[in-house]
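Novice: with the sequence up front, the predicted model follows.
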Amino acid sequence: MSLHIKAQTNEIAETVLLPGDPLRAKWIAETYFENPKCYNDVRNMFGYTGTYKGKKVSVQGTGMGLPSFSIYAHELINDYGAKKLIRVGSAGSMQKDIELRDVVLAMSASTNSAINRNRFDGGDFAPTASFNLFQKAVEAAKSRSIQIKAGNVLSSDLFYTDQKDDYKKWAAYNVLCVEMEAAALYSIAAKFGVEALAILTISDSLVTGEVTSAEDRETTFSKMIDIALDVI
Ligand SMILES: O=P(O)(O)O[C@H]1O[C@H](CO)[C@@H](O)[C@H]1O
Ligand SMILES: O=c1cc[nH]c(=O)[nH]1
């Protein structure tokens, strides 16, 4: 048992899917896993373990933002021995050719968070996906005929920015979309020598103003889950 997760050590798999939304975690477990068992409800941040095509796999909600995410990733790795962490999140498109429900693989994650500046005494660490997981995800998407986009994403501390055009400076450098956790995932995975990948579904567009509903974000972003489960 850790501070935020009440599972016994062997109740969590080495591969863990990580949605921000704990109810997306519940949906993933109940929709995709064989014999899902809930191992965590501390803070209602649900975690489940089951099997997928016979392989043991877990899914753990992380909450929103780099600090919340970092707590769960740290404990999963250090207290439960997680070795492959795959974020399955929603994101806002910054590019006009990236549309609602498109799937984006985050090769790297820029951030406006100060977490890594603090860690590296003002230096800029470049949070990067694991090549092995990235390559497997590309192959999985191809074999399922799922179109993907891949590139740099922004992990932001702010969901609501002061100016609605703030995203444009990132978009001008070909950042594909904004979410709030991937930079923490890639940084923590690098520190502890485990594999990590963020697979994102576009839930809204900063370019067009289109949005999907909260229910859509909870229970319908299935292409990224299919890819994630092919990779484990
Ligand atoms: O859908 P999730 O995985 O929570 O991801 C995105 O959605 C939340 C904001 O609505 C942030 O956590 C952001 O990263
Ligand atoms: O962090 C996020 C997630 C989805 N959409 C956004 O605009 N931002």
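Specialist: That came through, no problem. Every value quoted in this text rests on a predicted model; they were computed, and no experiment measured them. Ligands and ions are numbered 1, 2, ... in the order given.
Novice: hey, where'd the strands end up in the protein?
Specialist: 15-18, 34-40, 47-52, 55-60, 84-93, 103-111, 148-155, 177-179, 195-205 (DSSP state E).
Novice: so what are the sheet partners of the second one and their directions?
Specialist: Read it as strand 34-40. Strand pairing for strand 34-40, using DSSP bridges, gives strand 47-52 (antiparallel).
Novice: try the fourth one
Specialist: Strand pairing for strand 55-60, using DSSP bridges, gives strand 15-18 (parallel), strand 47-52 (antiparallel).
Novice: what are the buried residues along the last one?
Specialist: Translated: strand 47-52. By neighbour count on 16 or more other CB atoms under 10 Å, the buried set for strand 47-52 is Gly47, Tyr48, Thr49, Gly50, Tyr52. Where you see a C-beta, it was placed from the backbone N, CA and C, and this is true even at glycine.
Novice: check contacts around the third one.
Specialist: Contacts for Thr49 (CB atoms under 8 Å, 6 or more residues apart in numbering) come out as Ala7, Glu11, Ile12, Ala13, Phe33, Pro36, Lys37, Tyr39, Lys56, Val57, Ser58.
Novice: what number of residues lie near Ala198?
Specialist: Number of residues near Ala198 (other CB atoms under 10 Å) recorded here: 32.
Novice: just list whatever residues bridge to it.
Specialist: Applying DSSP bridges, one finds that Ala198 bridges with Arg87, Ala106.
Novice: what's the answer for Ser93, then?
Specialist: With DSSP bridges as the rule, Ser93 is bridged to Cys177, Ser205.
Novice: quick check: it vs Gln147, distance?
Specialist: In this view, Ser93 and Gln147 are 14 Å apart by CB to CB, to the nearest Å.
Novice: nearest residue to the middle of the chain?
Specialist: Arg87 (2.3 Å; CA atoms, centre = their mean).
Novice: mind checking how far it is from Leu17?
Specialist: Using CB to CB, which is the criterion applied here, Arg87 is 8 Å from Leu17.
Novice: which ones are touching Glu75?
Specialist: Neighbours of Glu75 in contact, by CB under 8 Å, 6+ apart: Ser2, Leu3, His4, Ile5.
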